[in-house]
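[1] Make a model of this:
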Amino acid sequence: MNRVKKQKPVIIPGIISIDLVEKTIQHGASAKNIPERISIISSIFLGIPYKTSTIDEHSKDAEQLVIDFSGVDCFTFLDYVESMRRATTWRGFIKTLRSTRYRKSSISFKHRNHFFSDWIKNNTSTIADFTKKTASHKTVIATKKLNRKDDGSLYVRDIKPVQRRINYIPSSSLDQNIIDRLRTGDYAGIYSDKPGLDVSHVGIIIKTESGVKLRHASSARTNRCVVDEDLFKYISKKPGLVLFRPI
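    I've put the predicted structure just below:
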């Protein structure tokens, strides 16, 4: 019986090295809880350049498991943090990245998570939607045909549109009670009111003595890297917030 040859990942070193990943995973393992672990792990990405299409850049002929530490976008940043959070070694990180980024760990464009709600749908044992639990009656439910634009065209080629219910907290409803229920390490999606999209951006909630921050890969011209920004200020002009919690 022929065995399927395991695909080697494409690794692009950068500010973050394999050695640093190993050390960070070990440091994170000593954390007393998940919030502390995610805070530790995500902090090594602060300052890493914002870079788009890192997966597609190396998957022109066939989909590759890409680990690009020369730069991240908002989704690959979360992929790496969540995968390190669940790993105990570098090899474990690679294995976990496959299951985090791809449905059933199948490395293909079709099975890749292209939307934030794909991320949780395909990782139900490790991530939960805490939007409604965080905001109870203030949560709004939107039914969307993901990947279908107003004009009928697709956001992502070759991916069939799917109808999905999205829970979100309107920005105008964010109050101290809701903020108190947020937890460091929560994965935050910035809800999009555009047809065909669930969120427009993602990041990580970090609670500090100076306030609640959004740690994210910022494409803003003044940043162009992973930064911490005041959550209230960032979301004030956005439609709303979606919250996923690692479990």
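[2] Can you list the neighbours in contact with stretch 188-197?
    115-116, 142, 144-150, 155, 161, 166, 168, 198-205, 214, 231, 235, 238-244 (Cβ atoms under 8 Å, 6 or more residues apart in numbering). To be clear about C-beta, it is placed using only N, CA and C from the backbone, and glycine gets the same treatment.
[3] Those in strands, which ones?
    Among those, the ones falling in strands (DSSP state E) are 142, 144-146, 166, 168, 199-205, 214, 240-244.
[4] give me every residue that touches residue 48.
    14, 15, 16, 69, 71, 72, 217, 225, 226.
[5] if I look at the residue nearest the centre of the chain, how far off is residue 187?
    Taking Cα atoms, centre = their mean as the criterion, residue 78 is the residue nearest the geometric centre of the chain, at 3.3 Å. Shown here: residue 78 relative to residue 187, a distance of 6 Å by Cβ to Cβ, to the nearest Å.
[6] Give the residues shared as contacts by these two.
    In contact with both residue 78 and residue 187: 119, 202, 203, 204, using Cβ under 8 Å, 6+ apart.
[7] Tell me, how many residues neighbour the second one?
    Residue 202 has 21 neighbours, counted by other Cβ atoms under 10 Å.
[8] Tell me the confidence at it?
    pLDDT recorded at residue 202 is 98.
[9] ok, now how distant is it from residue 78?
    6 Å.
[10] which neighbours do these two share?
    With Cβ under 8 Å, 6+ apart, residue 202 and residue 78 have common neighbours residue 187.
[11] Could you pull out the buried residues of the helix or strand of the chain with the lowest mean pLDDT?
    Here the helix or strand of the chain ranked lowest by mean pLDDT, DSSP states H and E is helix 54-57, holding a mean of 90. Residues of helix 54-57 classed as buried: 54, 55 (neighbour count, 16 or more other Cβ atoms under 10 Å).
[12] The helix or strand following it - which strands sit beside it in the sheet, and in what orientation?
    Sequence order places strand 66-68 as the next helix or strand after helix 54-57, per DSSP states H and E. The strands beside strand 66-68 in its sheet (DSSP bridges) come out as strand 10-12 (parallel).
[13] got the CA positions of stretch 120-133 in PDB?
    Taking Å, rounded to 0.1, in the frame of the first residue of the first chain, the C-alpha atoms of stretch 120-133 are listed here in PDB:
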ATOM      1  CA  ILE A 120     -14.200  28.700  14.500                       C
ATOM      2  CA  LYS A 121     -16.400  26.300  12.500                       C
ATOM      3  CA  ASN A 122     -13.300  24.200  11.800                       C
ATOM      4  CA  ASN A 123     -11.800  24.400  15.300                       C
ATOM      5  CA  THR A 124     -14.900  23.800  17.400                       C
ATOM      6  CA  SER A 125     -13.000  21.800  20.100                       C
ATOM      7  CA  THR A 126     -10.500  24.600  20.800                       C
ATOM      8  CA  ILE A 127     -12.300  27.900  20.000                       C
ATOM      9  CA  ALA A 128     -15.900  29.000  21.000                       C
ATOM     10  CA  ASP A 129     -18.100  31.900  19.900                       C
ATOM     11  CA  PHE A 130     -18.400  34.000  23.100                       C
ATOM     12  CA  THR A 131     -20.100  37.000  21.500                       C
ATOM     13  CA  LYS A 132     -23.600  36.300  22.800                       C
ATOM     14  CA  LYS A 133     -22.300  35.200  26.300                       C
END
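[14] where are the low-confidence patches of this structure?
    1-6 (pLDDT under 70).
[15] Now do the strands in it.
    So, for the chain - with DSSP E - the strands run 10-12, 66-68, 127-129, 140-146, 162-170, 187-191, 199-208, 211-218, 225-230, 240-246.
[16] I am finished for the moment; much appreciated.
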